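Colleague: no sequence for this one, just the structure:
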C-alpha cells in the first residue's frame with residue numbers, strides 16, 4: 001500500500017492524540033491505516049500507533065464511511081491526499097465539541113468502576129459473613145435446641161405451678177367456708193346447750209304439780 005506524502009497530513013500530533021483518547025479495541029485494518037495516515041508525518045512507531053485508541057477517529061469513520069473505503073493507491077496522489085486531510089480535519093473539527101466531555105465521562109466511568117468494585121467487595125464480605133454465621137449457627141444448633149427444650153419445660157412447669165396455686169387457693173377458700181360453717185354450727189350447739197341447761201330449773205314453778213321434779217324422778221314417780 002502506498003502512503004500519501006507526509007506533508008499532506010495536516011492534523012497536529014496533540015490534536016490527533018486528543019481525538020484518539022479512548023476508542024474501542026481492536027482496530028480494524030482500515031481504521032488503523034487512517035490513524036497511521038493522520039500520524040505519519042510525526043514519524044511514530046507502529047507500537048505507539050497500536051497503543052493509541054482512536055475513540056473519536058472511530059466515530060469519524062462511522063460518520064464518513066468513505067474514509068474506511070478510501071482507495072489508498074489513489075490517495076497517494078497529491079490532490080487526493082490533500083482532500084483526504086481536509087476532510088479528516090473538517091470532521092475532526094466537528095468532533096472537537098465532544099472532547100471536553102471525555103474527561104468528565106472518563107472520571108465518571110472510573111468512579112462507577114470504583115463504586116462497582118467497592119460494592120462487589122462489600123457483597124463478598126457480606127457473603128463471607130453470612131457463611132460464617134451459618135456455620136456458627138450450625139455449630140450452636142444443638143445447644144440452641146437444648147435451650148429451647150429447657151425453656152418449654154420451664155414454661156410447662158410454670159403453667160403447672162400456676163394451676164396448682166389456683167387449685168390451692170380454691171381449696172383454701174373451701175376450707176375457710178367449711179370453718180365458717182363449723183363455727184356457725186358450734187354457736188348453734190352452744191345456744192342449744194344453754195337453752196337445755198336453763199329448762200329444768202324453770203319447769204317446777206311453771207306447772208305447780210311437781211311434774212318434772214328431780215326428787216320424784218329419783219323415787220320413780222316422775223312422769
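Modeller: Done, it's in. All figures in this text were calculated on a predicted structure; none of them were measured in a lab.
Colleague: use CA for all of it now, contacts and neighbours both
Modeller: Will do.
Colleague: for residue 117, helix, strand, or coil?
Modeller: Judged by DSSP: H, G, I helix; E, B strand; the rest coil, the three-state class of residue 117 is helix.
Colleague: next one: it from residue 124, what distance?
Modeller: Counting by CA to CA, to the nearest Å, the separation of residue 117 from residue 124 is 10 Å.
Colleague: and for these two, which residues touch both?
Modeller: Common contacts of residue 117 and residue 124 (CA atoms under 8 Å, 6 or more residues apart in numbering): none found.
Colleague: could you list the low-confidence segments of the chain?
Modeller: Applying pLDDT under 70 to the chain flags residues 1-106, 108-109, 200-223.
Colleague: now do 50
Modeller: Within the chain, the ranges that satisfy pLDDT under 50 run 1-10, 21-24, 49-78, 206, 209, 211-212, 216, 218, 221-223.
Colleague: ok, residue 155 - contacts?
Modeller: By CA under 8 Å, 6+ apart, the contact list for residue 155 is empty.
Colleague: ok, now with 10 Å
Modeller: 149, 161 (CA atoms under 10 Å, 6 or more residues apart in numbering).
Colleague: separation between it and residue 145?
Modeller: 15 Å.
Colleague: what about residue 137, neighbour count?
Modeller: By other CA atoms under 10 Å, 13 other residues sit near residue 137.
Colleague: does it touch residue 145 like I think?
Modeller: No. Judged on CA atoms under 10 Å, residue 137 makes no contact with residue 145 at a distance of 11.1 Å.
Colleague: element containing residue 195?
Modeller: Residue 195 belongs to helix 99-207 when assigned by DSSP states H and E.
Colleague: check contacts around residue 173.
Modeller: 167, 179.
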